[in-house]
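>>> Any chance you could fold what I've pasted below:
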Amino acid sequence: MKKFLSVLLVCTMVLGLCACTGSGTKTNNASGIKAGFIFLHDENSTYDLNFINAAKEACDKLGIEYVLKTNIPEGQECYDAACELADSGCNFVFADSFGHEDYMIEAAKEYPDVQFCHATGTKAHTELLPNFHNAFASIYEGRYLAGVAAGMKLNEMIDNGEITPDQAKIGYIGAYTYAEVISGYTSFFLGARSECPSATMDVTFTGSWYDETAEKEAATKLIGSGCVLISQHADSMGAPTACENAGVPDVSYNGSTESACPNTYIVSSRINWAPYFELCLSNLAGIPTDYVGTISTGSVELTSFGSVAPAVGTAERVEEVKAELQAGTRHVFDIETFTVDGKKVESYMADVDTDAAYEGDHEVIKDGYFNESGDGLRSAPYFDLRIDGITLLDEQY
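A predicted model of the protein is given here:
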């Protein structure tokens, strides 16, 4: 009997260790739903931390059991993780990175009774699997608002004699030269230029969503080349840290960096994924094929403004522009506000269906603006125009 009890105790300890050595679980299930989440990185990535916090918030609010898997690469590991989650009883599985999509589709075909959802993906509307879904948000509006804050800062620097109007050059660090990143840096630039018409922007790419060293080096290089304000579409603290060290204003992404960069942080935009997770987990049978969260749904947010770096009146001005965006009296990609090779873009066939040849398949200029992520088209961005005023220093695919 002692031997049996000893073996039972050891087995119990081992099972307990197995439950605790995963990337995180919660077991107060009251709904019959179990959610699994796949993240490209862990809490050290601002991008993934934003998703992790939203997943926990939504599941805790709804009393749903959940499992988190972190540091899952954009490869076969994602398929394996999705299958493991499905086999463990998850009837909702979500992945957060663009390169996860094909592996999530593969898993969805294998587990038809499980709902698979994927952020930033492009194929749900063409695959038409009843259990595979894409989601994104109109974050281009959030980036535009952050750009308004940047433009006001540039104006303040000009008014203070720190720079001349022709020196109002922004530096931007992107991960890859994808439509998502192009849409992001373009909307940010248009927001900045709506306040500071002389603004220009240089963009460099790291070839990675998360590389703190490369992002810091990129920001340092941009600052050295005359960029007087920095923003980013990359996921580490590399660029904000470089800005704080150099005393250069910074607009971050996916969360406030004020605690680490109190003197240079202006504001950050982010997608709040909690409303989407709550929508899905409240009605697994009614998940949209393509979901676009907005400012109105609480999916597009600006974090709090910095206490030192923002120009006077920034918060008030941003609220004015936000109201115009919500009312439809202002559009981020208004064709009157940009040109391509010196010409206004009055018609454009975008590659919405992401065919192998990347050929345009949908007219996306509507009522005088580029209709990004709208009107029944896919949720993920497809804005890929190279507008005047922005210089790409390199490209990464």
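>>> Quick one: mean pLDDT over the longest helix belonging to the chain.
Assignment by DSSP state H gives helix 139-159 as the longest helix of the chain. Averaged across helix 139-159, the pLDDT comes to 98.
>>> following it, which helix or strand comes up?
strand 169-174 (DSSP states H and E).
>>> now what about that following strand, what contacts it?
Strand 169-174 has contacts (C-beta atoms under 8 Å, 6 or more residues apart in numbering) with 150, 154, 181, 184-185, 188-189, 192, 199-206, 215, 218-219, 222-223, 225-234, 239, 396. From N, CA and C alone the C-beta is placed, and that goes for glycine too.
>>> and if we set it to 7 Å?
Outside strand 169-174, the residues within contact range by C-beta atoms under 7 Å, 6 or more residues apart in numbering are 150, 181, 185, 189, 192, 199-206, 215, 218-219, 222-223, 226-234, 239.
>>> same deal with stretch 345-364?
Contact partners of stretch 345-364, identified using C-beta under 7 Å, 6+ apart, comprise Thr122, Lys123, Thr126, Ile335, Ile365, Phe370, Asn371, Leu377, Arg378, Tyr382, Leu385.
>>> does the last one sit in a helix, a strand or a coil?
Classification of Leu385 by DSSP: H, G, I helix; E, B strand; the rest coil places it in coil.
>>> Just the ones of the contacts of stretch 345-364 in strands?
With strands taken from DSSP state E, the overlap with the contacts of stretch 345-364 comprises Ile365, Phe370.
>>> Mark which of the contacts of stretch 345-364 are buried, thanks.
Thr122, Lys123, Ile335, Ile365, Phe370, Asn371, Leu377, Arg378, Tyr382, Leu385 (16 or more other C-beta atoms under 10 Å).
>>> any idea how the protein splits into domains?
Per the record, the chain has its domains at 24-119, 139-272+301-340+371-392, by automatic domain parsing.
>>> can you redo these as a markdown table with distance to Phe132?
Putting the domains of the chain into a markdown table (distance: least, C-beta to C-beta, whole Å) gives the following:
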| stretch | distance to Phe132 |
| --- | --- |
| domain 24-119 | 4 |
| domain 139-272+301-340+371-392 | 13 |
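>>> among those, which gets the worst mean confidence?
Mean pLDDT, when computed for each of these, is lowest for domain 24-119, at a mean of 93.
>>> circling back: include distance to Asn53 when you put the contacts of stretch 345-364 into TSV, please.
Shown next, in TSV, are the contacts of stretch 345-364 (distance: C-beta to C-beta, whole Å):
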residue	distance to Asn53
Thr122	25
Lys123	27
Thr126	31
Ile335	37
Ile365	37
Phe370	31
Asn371	31
Leu377	29
Arg378	26
Tyr382	28
Leu385	33
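>>> can you give me the helices in the stretch 1-150 of the chain?
For the stretch 1-150 of the chain, the helices defined by DSSP state H, counting those that start in this stretch cover 2-20, 46-62, 76-87, 101-110, 124-127, 139-159.
>>> quick one: which of those is nearest Phe305?
Nearest to Phe305 among these is helix 139-159; the distance by C-beta to C-beta comes to 7.3 Å.
>>> how many degrees apart are the closest one and strand 169-174 in direction?
Interaxial angle, helix 139-159 versus strand 169-174 (axes from the mean of the first three to the mean of the last three C-alpha atoms, to 10 degrees): 150 degrees.
>>> elements contacting helix 139-159?
Applying 3 or more C-beta pairs under 7 Å, 6 or more residues apart in numbering; DSSP states H and E, we find helix 139-159 packed against helix 179-195, strand 229-233, strand 250-253, strand 265-271, strand 300-302, helix 314-327.
>>> Alpha carbons only: can I get the second one in PDB?
It refers to strand 229-233. Only the C-alpha atoms of strand 229-233 are listed here, as PDB (Å, rounded to 0.1, in the frame of the first residue of the first chain):
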ATOM      1  CA  LEU A 229      11.100  61.700 -34.900                       C
ATOM      2  CA  ILE A 230      10.800  57.900 -35.100                       C
ATOM      3  CA  SER A 231       7.900  55.400 -35.300                       C
ATOM      4  CA  GLN A 232       7.800  51.700 -36.000                       C
ATOM      5  CA  HIS A 233       5.900  48.600 -37.100                       C
END
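>>> ok, Asn50 - contacts?
By C-beta under 7 Å, 6+ apart, the neighbours of Asn50 are Asn254, Gly255, Arg270.
>>> err, Ala149, not the other one
Going by C-beta under 7 Å, 6+ apart, Ala149 touches Val251, Ile266, Val267, Pro310, Thr314, Val318.
>>> gap between the fifth one and Asp375?
Distance, Thr314 to Asp375, by C-beta to C-beta, to the nearest Å: 32 Å.
>>> what does the second one give?
Distance, Ile266 to Asp375, using C-beta to C-beta: 33 Å.
>>> So between those two, which is more surrounded?
Ile266 (26 against 9; other C-beta atoms under 10 Å).
>>> From what I see, the more buried one and Val251 are in contact.
Yes: between Ile266 and Val251 a contact is recorded at 5.1 Å, counting by C-beta atoms under 7 Å.
>>> Now do the shared contacts for those two.
The contact lists of Ile266 and Val251 share Ala149, Ala150, where a contact means C-beta under 7 Å, 6+ apart.
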